[in-house]
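In: This is a predicted model, with the sequence first.
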Amino acid sequence: MDSKQQLLQQSIAAKEIFLPHISADPVIFGFEHNELKVLLLKTNYRQKWLLPGGYVRKDEDLDEAVQRILKERSGITDIYLEEFGVFGKKNRSEFHFEDFDETLFQKQRFITVGYYALYSPSKFHLIPDEFSETCEWVFLSKLPQIEFGMDHYEIIQKALFTLRQKISTKPIGRNLLPEKFTLPELQKLYEAVLGKELNRGNFYRKIKNLGILKKLEEQRRGGAHKAPDLYSFDEENYIKAMKNGMNSW
């Protein structure tokens with residue numbers, strides 16, 4: 001069955017199962033080799049890259065829907081997602097399906113709700129769905145070089161902007177770094193998110209003052225220089241900071 005026939009069959013079923021005009025698009029950020037990545041699908045239809053988004057069933061809550069969608073489209077389960085924006089430009093989805101007539105469910109005008117999360121790519125085994133050629137992590141630095149469908153590049157940019165705003169009041173790292181890490185490794189993560197270099201002394205002082213780190217009685221061995229101290233996140237304080245926020249730094 002070719003990709004167009006796939007979409008036609010999906011359209012028939014979708015009209016019975018899903019709510020019209022609303023969808024959800026999760027932006028899942030990862031961190032690897034000191035760079036941020038984002039989870040994307042390359043579709044069979046038109047060979048364009050999209051977020052692993054989808055439609056909301058008539059009998060489910062929106063937050064339930066995005067979890068189900070992510071599982072069905074990528075194989076990812078049991079992650080915490082946070083809503084960050086709504087996207088509703090006219091023709092945002094219609095142009096992507098211009099090969100079809102107006103009766104196609106997917107070609108209707110859809111307003112989509114954006115969610116984001118941060119997780120280590122190593123935690124997941126990706127499984128693309130039947131509508132996708134591949135499901136993979138793509139470095140943010142490579143995004144301008146690939147062809148997106150719809151407005152999904154804009155959604156990613158808004159998610160990154162939101163993440164950069166919240167990084168001053170909410171901790172990051174627990175799902176992105178190993179259980180034990182060094183301060184330079186944590187600094188590299190913050191620099192990747194913010195898109196700029198940070199002063200080492202200032203960063204170390206501020207991150208320690210937040211109270212979310214525990215210094216361990218061990219060092220990272222194997223380098224040519226002095227072995228750096230290892231840290232882990234203080235689970236209780238980290239959860240409190242996620243819930244209540246931190247003093248801006």
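Out: Happy to help now that I have it. Numbering: from 1, shown residues only.

In: Report all helices and strands that the lengthiest strand in the chain contacts.
Out: In the chain, taking DSSP state E as the definition, the longest strand is strand 18-32. Packed against strand 18-32 by the contact rule (3 or more CB pairs under 8 Å, 6 or more residues apart in numbering; DSSP states H and E) you find strand 35-43, strand 54-57, helix 62-74, strand 111-118, helix 152-166. (C-beta placed from N, C-alpha, C; glycine too.)

In: Out of the ones you listed, flag the one nearest residue 19.
Out: With CB to CB as the measure, strand 54-57 is the member of the helices and strands packed on strand 18-32 nearest residue 19 (4.9 Å).

In: Might you calculate how far that closest one sits from the centre of the chain?
Out: Remark: strand 54-57 is offset 18 Å from the chain centroid, using CA atoms, centre = their mean, to the nearest Å.

In: and the helix or strand bottoming out on mean pLDDT in the chain, which residues are buried?
Out: Lowest by mean pLDDT, DSSP states H and E among the helices and strands of the chain is helix 235-244, with a mean of 89. Buried residues in helix 235-244, defined by neighbour count with 16 or more other CB atoms under 10 Å: 237-238, 241.

In: how far away is the closest residue to residue 245 other than its chain neighbours from residue 63?
Out: Excluding the flanking residues, the one nearest residue 245 by CB to CB, 6 or more residues apart in numbering is residue 169, at 4.6 Å. Note on residue 169: its distance to residue 63, by CB to CB, to the nearest Å, is 22 Å.

In: for residue 93, same thing?
Out: Residue 93 is 22 Å from residue 63, where distance means CB to CB.

In: quick one: which of the two has more around it?
Out: A direct count of neighbours by other CB atoms under 10 Å for residue 93 and residue 63 places residue 93 higher, at 21 against 12.

In: Pull the contacting residues for that one.
Out: Residue 93 makes contacts with 106-110, 150, as judged by CB atoms under 8 Å, 6 or more residues apart in numbering.

In: the domain parsing of the protein - what is it?
Out: Split into domains by automatic domain parsing, the chain comes to 3-166, 183-244.

In: Going by mean pLDDT, which of the ones you listed comes out lowest?
Out: Mean pLDDT values for the domains of the chain show the minimum at domain 183-244, a mean of 90.

In: Selection in PyMOL covering whichever of the contacts of residue 93 are buried, please.
Out: A single PyMOL command selects the buried members of those (16+ other CB under 10 Å):
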select buried, resi 106+107+108+110+150
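
In: Flag every buried residue along stretch 155-162.
Out: For stretch 155-162, by 16+ other CB under 10 Å, it's 155-156, 158-160, 162.

In: Just name the closest of these to residue 49, please.
Out: residue 156 (10.2 Å).

In: Hmm, residue 143 and that closest one touching each other?
Out: Yes: assessed by CB atoms under 8 Å, residue 156 is found in contact with residue 143 at 6.8 Å.

In: Sounds good, over and out.
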